[in-house]
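> Any chance you could fold what I've pasted below:
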Amino acid sequence: MRPVSSGAVDFIDVRETNLAVVLRFIRREAPCSRAEVAAGTGLNKATISNIVAELITRGIVVEVGASEERRIGRPAVMLTLDGRRFTALGLEVNVDYLSAVMVDLAERDVLTWHEPVQAAELGAEGCVVRLADLARRAMGEMARQHREVLGITIAVPGLIGTSDGEVAEAPNLGWHEFPLVDRFREQLDDSSVALSLDNDANLGAVGEYRRGALAHTQNLVYLTGEVGVGGGVIINGALMRGSSGYGGEVGHITLMQDGPLCGCGRRGCFEALVGIGSIIQQAAPDLAGSTAQPLTDLAAKVAEVARRAEAGDPRTTAALVRVGEWLGRGSAILLNLFNPQALILGGYFVTLAPWIMPPARRTLAAHTIAPNLGGCQVALSTLGFTAAARGGASSIIDAIDTARLPLPRGGSAAHR
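Numbering: from 1, shown residues only. So this is what the prediction gives:
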């Protein structure tokens, strides 16, 4: 996560850093004793005692009872995360929907909202208005529950710079050099909350890494499977961004010379061959409408494609086989480049998996250099269309865990 506005901090003192170190350990090892925290972090017992007391006072950690281990002397009191008072919000704007996911400091789900919207028709300014309204409603719900929102991360399917809060380019939305964070801040009218912005595939990968079916897989690639096809890459547990933040634009790898036109203006891109717009055009052209107009009602149209495939319609099934083969070819490039432990397919790939996955797996095996896919497990996302928003919320928690944002202050009385 890259905080990009006044809610972020430039300097964290040693005590805040130690608080974050202890919080990370308790998150990973809970339930655990103070002695285990001291041994695991290298901090002395007196320091741990003071830090744990402060985390309890802030309402972040709670004592949960004595250890059941047989030991001499008093049983150790065990610690675990509480953090119900504090929440983080992830938002996503995509071609045909807005999503919001709120989690608490222990990454337990607090709310999940998914709303259909035609983002390209609304335009950038219109989307910001809708997105800020969604955020205000979510924050209002947290206020009614006496919870504090620590930060918001926004996911967008496009090129995001390293620190300026601007969407450099989002072809499928029609956005160019749009200062999203500044506009969102104006609409939200709240200067206290930390704001950040990232690519949807990056945050989808974060969501998979922290909460997906293959959570904590140290090396994974996530493919979005929407109108755009983006890739989020986790290497040794960290998100790969590239030197300017533009890494992971795998949807614009050229697979077919002089192939179909892509939203980026080039031809034969991975996205132009396997994105959902291309799938509908190939499998059910009567549903595609005019090429000059953006696709609408995507979920309904994909459901109709699946219905025709289930019924054995030859045009539909043949088209999905071709899509699966291109999906396998493009994915093989990623396996050859990154040698991940997992390749996770999200979005509409999940809906159409019964028809596209068999040819994808065959082609992937044929074009991956390493035997047995280099040990890569190919899986479908279980996070649905909230993966990027969930990753956005988790990125706020990660920033707190790593002292890039300060731990929240406050008491624990609300939950005693």
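> what ranges do the strands span in the stretch 151-300 of the chain?
Applying DSSP state E, counting those that start in this stretch to the stretch 151-300 of the chain gives strands spanning 159-160, 167-170, 175-178, 194-199, 220-223, 231-235, 238-239.
> what's the closest of those to residue 329?
strand 220-223 (13.0 Å; C-beta to C-beta). For every residue, glycine as well, the C-beta is placed using N, CA and C.
> and that closest one, which strands flank it?
Strand 220-223 pairs in its sheet with strand 231-235 (antiparallel), strand 342-345 (parallel), by DSSP bridges.
> next helix or strand past the shortest one?
Scanning the chain past strand 342-345 towards its C-terminal end, the next helix or strand to appear is helix 348-351 (assignment: DSSP states H and E).
> so what does that next one touch, helix or strand wise?
Judged by 3 or more C-beta pairs under 8 Å, 6 or more residues apart in numbering; DSSP states H and E, the packing partners of helix 348-351 are helix 298-310.
> now the helix it packs on: how far from the chain's centre is it?
26 Å (C-alpha atoms, centre = their mean, to the nearest Å).
> From the contact counts, what lies against it?
Helices and strands touching helix 298-310, as assessed by 3+ C-beta pairs under 8 Å, 6+ apart, comprise helix 276-283, helix 285-288, helix 314-338, helix 348-351, helix 353-367.
> May I see the buried residues of that helix?
Within helix 298-310, the residues that count as buried by 16 or more other C-beta atoms under 10 Å are 298, 301, 302, 304, 305, 306, 308, 309.
> Now do it and helix 276-283, the angle between them.
Angle of helix 298-310 versus helix 276-283, following axes from the mean of the first three to the mean of the last three C-alpha atoms, to 10 degrees, is 40 degrees.
> Which helix or strand contains residue 56?
Secondary structure from DSSP H and E places residue 56 in helix 45-57.
> contacts for the helix or strand that that helix is followed by?
Using DSSP H and E, the helix or strand that follows helix 45-57 towards the C-terminus is strand 61-66. Outside strand 61-66, the residues that touch it by C-beta atoms under 8 Å, 6 or more residues apart in numbering are 23, 26, 31, 52, 55-56, 74-83, 412.
> Strand partners (parallel or antiparallel) of strand 61-66?
In the sheet, strand 61-66 lines up against strand 77-81 (antiparallel) (DSSP bridges).
> outside of the strand it pairs with, which residues touch it?
Identification of contacts with strand 77-81 by C-beta under 8 Å, 6+ apart yields 23, 26-27, 30-34, 37, 52, 60-67, 105-106.
> Drop anything exposed from those residues.
For these, a burial check counting by 16+ other C-beta under 10 Å picks out 23, 26-27, 30-34, 37, 52, 60-62, 67, 105-106.
> farthest-separated two in those?
67 and 105 (23.6 Å).
> ok so, going back, could the strands paired with strand 220-223 go into CSV alongside mean neighbour count?
Output for the strands paired with strand 220-223, formatted as CSV (neighbours: other C-beta atoms under 10 Å):
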stretch, mean neighbour count
strand 231-235, 24
strand 342-345, 24
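> Which among the helices and strands packed on helix 298-310 is found nearest to residue 208?
Counting by C-beta to C-beta, residue 208 lies closest to helix 348-351 out of the helices and strands packed on helix 298-310; the figure is 12.5 Å.
> how about the closest residue in space to residue 256 that isn't next to it in sequence, phi and psi?
Residue nearest to residue 256 in three dimensions, not counting chain neighbours: residue 268, with 3.7 Å by C-beta to C-beta, 6 or more residues apart in numbering. When quoted as degrees, to the nearest 10, the phi and psi of residue 268 stand at phi 80, psi 20.
> What is the neighbour count of residue 268?
Residue 268 has 18 neighbours, counted by other C-beta atoms under 10 Å.
> Name the spans of the stretch 151-300 of the chain whose pLDDT lies under the cut-off.
In the predicted model of the stretch 151-300 of the chain, residues 162-163, 290-294 satisfy pLDDT under 70.
> Unless I'm misreading it, the residue nearest to residue 256 sits right up against residue 260, doesn't it?
Yes - between residue 268 and residue 260 there is a contact under C-beta atoms under 8 Å: 6.9 Å.
> measure residue 289 to residue 352 for me?
19 Å (C-beta to C-beta, to the nearest Å).
> Show me which of the two is the more surrounded one.
Comparing residue 289 with residue 352 by other C-beta under 10 Å, the one with more neighbours is residue 352, at 23 against 15.
> so who does the more buried one touch?
Counting by C-beta under 8 Å, 6+ apart, residue 352 touches 279, 302, 305, 306, 309, 320, 323.
> got a pLDDT number for it?
If you check residue 352, the pLDDT there is 97.
> How much space separates it from residue 279?
7 Å.
> between those two, what contacts are shared?
302, 305, 320, 323.
> Residue 107 belongs to a helix?
No - with DSSP: H, G, I helix; E, B strand; the rest coil as the criterion, residue 107 is coil rather than part of a helix.
> Can you give me the neighbour number for it?
Residues contacting residue 107 under the criterion other C-beta under 10 Å number 18.
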